[in-house]
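**Q** Need coordinates for the below:
(2 chains)
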Protein chains: 2
Amino acid sequence: MNHIDNLSINAIRVLSADAIQKAKSGHPGLPLGAAPIAYELWAHHMNHNPANPDWRNRDRFILSGGHGSMLLYSLLYLYRYGDMTLDDLKEFRRLDSKTPGHPEYRHTVGVEATTGPLGAGMGMAVGMAIAEKHLASVFNKEGYPVIDHYTYALGGDGCMMEGISSEAFSLAGTLGLSKLIILYDSNNISIEGSTDIAFTEDVQKRMESFGFQTLEVADGNDIDAVGKAIEEAKADTEHPSFITIHTEIGYGCPNKQGKASAHGEPLGEENVKEMKETLGWTSQEPFYVPDEVYAHYKELRDALAEKEEEWNKMYAEYCEKFPEMKELMEQYFECDCEAILKDNEEFWKRGEKPEATRAISGRILNTIKDSVPNLMGGSADLAPSNKTYLNDKGDFSADCPSGRNMHFGVRELAMGAIGNGMMLHGGLHSYVATFFVFSDYIKPMARLSSIMKVPMTYVYSHDSIGVGEDGPTHEPIEQLAMFRAMPNFHVFRPCDAVETEAAWYSALTSKETPTAIVLTRQNLAPMAGSSKDALKGGYILEDCEGTPDMILIATGSEVELAAGAKSVLEEKGKKVRLVSMPCVDIFEEQTDEYKERVLPKDVTKRVSVEALSTFGWDRYVGPEGKAIGMTTFGASGPYKTLFEFFGFTVDAIVEAAESL
Amino acid sequence: MNHIDNLSINAIRVLSADAIQKAKSGHPGLPLGAAPIAYELWAHHMNHNPANPDWRNRDRFILSGGHGSMLLYSLLYLYRYGDMTLDDLKEFRRLDSKTPGHPEYRHTVGVEATTGPLGAGMGMAVGMAIAEKHLASVFNKEGYPVIDHYTYALGGDGCMMEGISSEAFSLAGTLGLSKLIILYDSNNISIEGSTDIAFTEDVQKRMESFGFQTLEVADGNDIDAVGKAIEEAKADTEHPSFITIHTEIGYGCPNKQGKASAHGEPLGEENVKEMKETLGWTSQEPFYVPDEVYAHYKELRDALAEKEEEWNKMYAEYCEKFPEMKELMEQYFECDCEAILKDNEEFWKRGEKPEATRAISGRILNTIKDSVPNLMGGSADLAPSNKTYLNDKGDFSADCPSGRNMHFGVRELAMGAIGNGMMLHGGLHSYVATFFVFSDYIKPMARLSSIMKVPMTYVYSHDSIGVGEDGPTHEPIEQLAMFRAMPNFHVFRPCDAVETEAAWYSALTSKETPTAIVLTRQNLAPMAGSSKDALKGGYILEDCEGTPDMILIATGSEVELAAGAKSVLEEKGKKVRLVSMPCVDIFEEQTDEYKERVLPKDVTKRVSVEALSTFGWDRYVGPEGKAIGMTTFGASGPYKTLFEFFGFTVDAIVEAAESL
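**A** Numbering: from 1, shown residues only, chains lettered A, B, ... in the order given. The predicted model follows:
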């Protein structure tokens, strides 16, 4: 290896070790072992421009092993991404620093995705590669490959053990995502020791079985070999590529390298010292980087800026030649759904007959598929049940990248990650779908959407014991509470067409908050009082004259029942207000004044009705009210029998209200 | 195929199709396609005794594709498991029938595991095979293989697409679980159509990469070939086996076979009729089965009963020869942890110095590992952090099956399923561990524990923003609410040694409810007032004289802060009660009287403190109280900084209390 490459790689190692040592916390193993891989990739293969981290056609890089964050931060510093300074590295893992424990999207310039939960980055990388392939098919013209870039992800043994990577890679192989290149930092060490204790599989063979081209680099310090493998990966235009690169965890630190103890704790001052000696580093001063290294990275930066410059020229020509495409590009990358949907009469339509909200949702999707051309998504093999298919818009596949319907297969977790990756790429609004009960499988990725502030949409049909015959394994109970408890997440459970439209409107216009739309399997009657006020999360659906004696609060399929109970109670002389609460999270965001108007403190007789867990409803019914809901799992039987059996009937609501 | 085998197989098809038709709901595709596989296995290879479904040494069979439940119910009926009758089949998918939509453990005799969420059965099968291997190593003596059986699981494309199966099978290969035999019903059809759209991987190759012997049967109707493959699978004593059996979904029904529409809806009356004609069934009468078929199944039953008889004889000799082993067997299979732990002074010990509850938990495990010899478990590659290692008890591996420490690898979801499987097998109490935030990954399997009433133990360390530097991806917020909202699940968040002991006591003595024990990374001071009353879920930890002016409620690490606030408030002349609430779920199970004693309605000034989501606390603080908790994600920084920043300080609690 030549002098400057060697020095530039060791700069990454030294900065990482120093920052972790200063923080007294962090994971040196990966940065030390994988520094040459990342260096070779960023310096000699990846198209990116630190001066413009938003360049649409940049190659994407995800550090799937997010615990190795100092690898990324060292690179971002040396490449001058954002305004990352040496002081930022010194603030590693301090509150409000640019260098938190794991890389955080939207928090640190140059971080393409929040990683840390292992394997998630692999799924998001697959999503980015899908986005690239789709957008390329939409936008590229002969001689003008305006979307034409690679997606790289770097991860270790943990990423490969997690099931999400099998899910995502199996799909990537099926879809022939040839511009996806996975770099596997294989060091045979996990936290509990050698990977032999739990992970003796033949990873290359597994990846071949998924349809990847597999490549192997015997020594991760051999950057020529790494570079050659990357070029071979690029050369395969039919299969995604997987490069196993054998490394030594904690390389360069004699007392730690190759050991589990290198993974997740500072090396120790003495060991950092020894590491610098071993690497031939010329100074023991913490965070010291020789000038020639800085100069070298500046050269690299300048060359990279030229890459974007070339693209900018091509893009300018493209825009001139295809002005309609320029416009379309803006429609994709800066989609203003508010403008498109706000007063769209096709979109805002009342229901005319009883209908399942999943069917309504399916109609909505097909109504807006042309006006929102960058809407792309699908289901984990339940599209006919979830009603998420965009008719006549094609199926995304290796041969048909312009298709907008994704077939994710029975892989909920990877689907969530892929959906995130599609949005992180830019240019698309993705949605993913399954039965609500299986949102459990997606949960870790929904959490990442929320943390990253990626406003993707989760479509969940079969929303309660209304599932019926499939029984308790298929009937959500605690899932609404689970999502309501999660920060920065909106979960809608609409009661009819208007509220379902409001849910989609909210989802598609959201800038920083992901949305779940939770839909019934069974038919629901349209409610005369439903309105765009659903966008406030909760509102008065049917009121009484004067101050109410009591308030009924319901969501989704139970609104109809509550309306029935209201009528009965009114016949008995009670003044009853009916509040529909399709989105508790958004209701909570309203002013105290609005909340008081809907739920006046003085009206303490309150009943909530929701055919899922009662957990969390005390907030609205108060100590004198009653929450009608589930406290056990569901059962298998026709849904009407179940509603009766579990006490979701007009009579039961009336009885509860009268008992107050 | 001979006449009676053919007829006996078609009986399964006919009963399944009729029951689904009658229910107007269900999944005929799998039962029709896979009937010959299940028939061949149950009739000619599996050791089981319908007359004694609890026979300890029976071969286990899990229908991982649980939607094909009618396959299993037809078999259970024909073999006369429990008292399954034709009427039960006629009640398929009706409320309270023995034949719910998906097979339910503890609900229907002969069902070894609740299945439906795809892939879960594969994970549970791996757990059962681990249990068998471990127990065999503990109990078998030369000439007396008292634990010596196979575990079979049957599943389809969906099971193979789910990441959990990759996780579980990779571990199964590493562990050399040669008595695990997977039957893959490969029909190339998924709900959205041909598996080509999402699943073109080479499944055999993937399974080889995991270390399985792979076998293939070209025609699932060729029971001789199926039988031969099963024998080959048994013959391999080093690797688990995977048999791909090519079938046609909905076989026998001309209008449906090979089509996605065969999967999940009744065939239709006309199609059922045609199916019976095609199969040469002699009667169109629903649920008709010829006498010779009944006679044949009786013969099979009788032969099977003899198998157990042989084992019983051997076991009787074994018990005579090794009386200490008989005793040990009872200790494993009927472990009475209440008797062992209730007054065990070694177990119940007060803490003496500040200590992390994860460290306390680790000590507890090592204190009881000899008195509870069937305790076996481990972590998803975080044992050093979770403190779950049983010192000197060996690591379970291919070569050391007597080891009691599991190394699950970074595979949380499969770990949950495997833990369930280990308990379902009988003979073991399993525990699994990871960081609390990654309980998200396990959630679907924790839900199965709850539904199945399997009282396994989940150990979750790093329980709040107290995680510190690792930042928001590693800091649980909504996870406590998620588990509290789930029926039949206990989640403990102890504040010191005594409460951690109570949590373990509750977990190990629970008969039908799984338990999560949520533990701190950081040190906590022992609380003078902590006591076994923690077993009531919530109790008065420190009281005041007379009626309190206000009540502080806290859990885990915040109890210490609340106690500090209590002192400050008392100095200011307030009478303050401090309630520790380590397990909300169990507190809810107490009598109204007890709850009123702890939290008297009249004391409305209440503050709860918990460094996780406030969601759900309204129930205890009421409309006049205040819940101190998290409403956003956490951040990366030293934990003391985070506690300060997010308002978990004595001062903040005092301030909140005074503001009421």
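**Q** Residue of chain A closest to chain B, please.
**A** Closest approach between chain A and chain B, counting by CB to the nearest CB: A:Gly163, at 2.4 Å. For every residue, glycine as well, the C-beta is placed using N, CA and C.
**Q** That residue and A:Lys234, how far apart?
**A** 28 Å (CB to CB, to the nearest Å).
**Q** Repeat that for A:Lys90.
**A** Relative to A:Lys234, and taking CB to CB, A:Lys90 is found at 37 Å.
**Q** For the two, indicate the residue with more neighbours.
**A** Between A:Lys90 and A:Lys234, counted using other CB atoms under 10 Å in any protein chain shown, A:Lys90 has the larger neighbour count: 17 against 14.
**Q** List the buried residues of the lengthiest helix in chain A.
**A** For chain A, the helix with the greatest residue count under DSSP state H is helix A:291-321. Residues of helix A:291-321 classed as buried: A:293, A:296-297, A:300-301, A:304, A:307-308, A:311, A:314-315, A:318-319 (neighbour count, 16 or more other CB atoms under 10 Å in any protein chain shown).
**Q** Could you dump these into TSV and include pLDDT and distance to A:Leu41?
**A** Shown next, in TSV, are those (pLDDT from 0 to 100; distance: CB to CB, whole Å):
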residue	pLDDT	distance to A:Leu41
A:Val293	98	17
A:His296	98	16
A:Tyr297	98	14
A:Leu300	98	12
A:Arg301	97	15
A:Leu304	97	13
A:Lys307	95	14
A:Glu308	97	18
A:Trp311	98	19
A:Met314	98	24
A:Tyr315	98	24
A:Tyr318	98	28
A:Cys319	98	31
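**Q** Could you work out the most separated pair of those residues?
**A** A:Val293 and A:Cys319 (38.9 Å; CB to CB).
**Q** residues of stretch A:560-570 that come out buried?
**A** A:560-566, A:568-569.
**Q** if you look at those, which of them are in helices?
**A** Those of these lying in helices (DSSP H): A:560-566, A:568-569.
**Q** got the contact list for the closest residue to A:Glu560 other than its chain neighbours?
**A** Spatial nearest neighbour of A:Glu560, chain neighbours left out: A:Ala525 (5.4 Å); criterion: CB to CB, 6 or more residues apart in numbering or on different chains. Going by CB atoms under 8 Å, 6 or more residues apart in numbering or on different chains, A:Ala525 touches A:354, A:496, A:560.
**Q** for A:Ala233, same thing?
**A** Per CB under 8 Å, 6+ apart, neighbours of A:Ala233: A:181, A:213, A:215, A:241, A:243.
**Q** Got phi/psi on the last one?
**A** Just to be clear, that refers to A:Ile243. Per-residue torsions, A:Ile243: phi -110, psi 110 (degrees, to the nearest 10).
**Q** Distance-wise, check it relative to A:Pro526.
**A** Taken as CB to CB, the span from A:Ile243 to A:Pro526 is 56 Å.
**Q** between the two, which one's more packed in?
**A** A:Ile243 (27 against 18).
**Q** Helix, strand, or coil at A:His149?
**A** coil (DSSP: H, G, I helix; E, B strand; the rest coil).
**Q** so which of the contacts of A:Ala233 is the most crowded?
**A** A:Ile181 (31 neighbours).
**Q** Surely that one forms part of a helix?
**A** No. In this structure, A:Ile181 is strand, not part of a helix, as judged by three-state DSSP.
**Q** In terms of residue numbering, what are the domains of chain A?
**A** Per the record, chain A has its domains at A:3-305, A:337-524, A:536-658, by automatic domain parsing.
**Q** next one: the first one to chain centre, how far?
**A** What that stands for is domain A:3-305. With CA atoms, centre = their mean, to the nearest Å as the basis, domain A:3-305 stands 20 Å off its chain's centre.
**Q** now do the shortest one
**A** On the basis of CA atoms, centre = their mean, the separation between the geometric centre of domain A:536-658 and that of its chain is 32 Å.
**Q** quick check: mean pLDDT across it?
**A** Domain A:536-658 carries an average pLDDT of 98.
**Q** now do the same end-to-end measure for that domain.
**A** 29 Å (CA to CA, to the nearest Å).
**Q** same check, this time on the longest one
**A** End-to-end distance of domain A:3-305 (CA to CA): 24 Å.
**Q** cool, stretch A:263-272 as well?
**A** End to end - CA to CA - stretch A:263-272 spans 14 Å.
**Q** Give the buried residues for that stretch.
**A** A:263-264, A:266-268, A:271-272.
**Q** Just these: which are in helices?
**A** A:271-272.
**Q** what's the helix or strand hosting A:Glu167 packed up against?
**A** Following DSSP states H and E, one finds A:Glu167 within helix A:163-174. Using 3 or more CB pairs under 8 Å, 6 or more residues apart in numbering or on different chains; DSSP states H and E as the contact test, the elements touching helix A:163-174 are helix A:120-139, helix A:412-425, helix B:163-174.
**Q** ok, then the element right after the first one?
**A** The one in question is helix A:120-139. strand A:151-155.
**Q** does any part of that following strand sit near chain B?
**A** No. Using CB under 8 Å from any CB of the partner chain, strand A:151-155 never reaches chain B; the gap is at least 10.8 Å.
**Q** so A:Glu232 touches A:Ser241, yeah?
**A** Yes. Counting by CB atoms under 8 Å, A:Ser241 is a contact partner of A:Glu232 at 7.4 Å.
**Q** Please enumerate the shared neighbours of those two.
**A** A:213, A:215.
**Q** which ones are touching A:Pro514?
**A** A:446, A:449-450, A:454-458, A:488-490.
**Q** repeat for A:Val559
**A** A:495-496, A:524, A:527, A:541, A:578, A:580.
**Q** Mark which of the residues you listed are part of strands, please.
**A** A:524, A:541, A:578, A:580 (DSSP state E).
**Q** State the pair within these that is farthest apart.
**A** A:Leu524 and A:Leu578 (14.7 Å).
**Q** quick one: which of these two has more around it?
**A** A:Leu524 (26 against 22).
**Q** Can you mark which positions in stretch A:39-56 are buried?
**A** Buried, per 16+ other CB under 10 Å, within stretch A:39-56: A:39-50, A:53, A:55-56.
**Q** of all the residues you listed, which comes closest to B:Gly377?
**A** For the buried residues of stretch A:39-56, the nearest to B:Gly377 is A:Leu41 (39.9 Å; CB to CB).
**Q** Which strand or helix spans that closest one?
**A** Using DSSP H and E, A:Leu41 falls within helix A:29-44.
**Q** what about the helix or strand that comes right after that helix and chain B, touching?
**A** The C-terminal neighbour of helix A:29-44 among helices and strands, as given by DSSP H and E, is strand A:60-63. No. Applying CB under 8 Å from any CB, one finds strand A:60-63 separated from chain B by no less than 12.6 Å.
**Q** Tell me which other helices or strands the helix or strand that comes right after strand A:60-63 touches.
**A** The helix or strand immediately downstream of strand A:60-63 is helix A:69-78, counting by DSSP H and E. Contacts defined by 3+ CB pairs under 8 Å, 6+ apart place helix A:69-78 against helix A:3-23, helix A:29-44, strand A:60-63, helix A:86-90, helix A:291-321.
**Q** how about a cut-off of 7 Å?
**A** Secondary-structure packing of helix A:69-78 (3 or more CB pairs under 7 Å, 6 or more residues apart in numbering or on different chains; DSSP states H and E): helix A:3-23, helix A:29-44, helix A:86-90.
**Q** will you turn those helices into a markdown table that also has mean pLDDT?
**A** A markdown table is the format used below for the helices and strands packed on helix A:69-78 (pLDDT from 0 to 100):
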| stretch | mean pLDDT |
| --- | --- |
| helix A:3-23 | 98 |
| helix A:29-44 | 98 |
| helix A:86-90 | 98 |
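**Q** Would you mind giving the ones you listed as JSON lines with distance to B:Ile465 added?
**A** Below are the helices and strands packed on helix A:69-78 laid out as JSON lines (distance: least, CB to CB, whole Å):
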{"stretch": "helix A:3-23", "distance to B:Ile465": "17"}
{"stretch": "helix A:29-44", "distance to B:Ile465": "24"}
{"stretch": "helix A:86-90", "distance to B:Ile465": "22"}
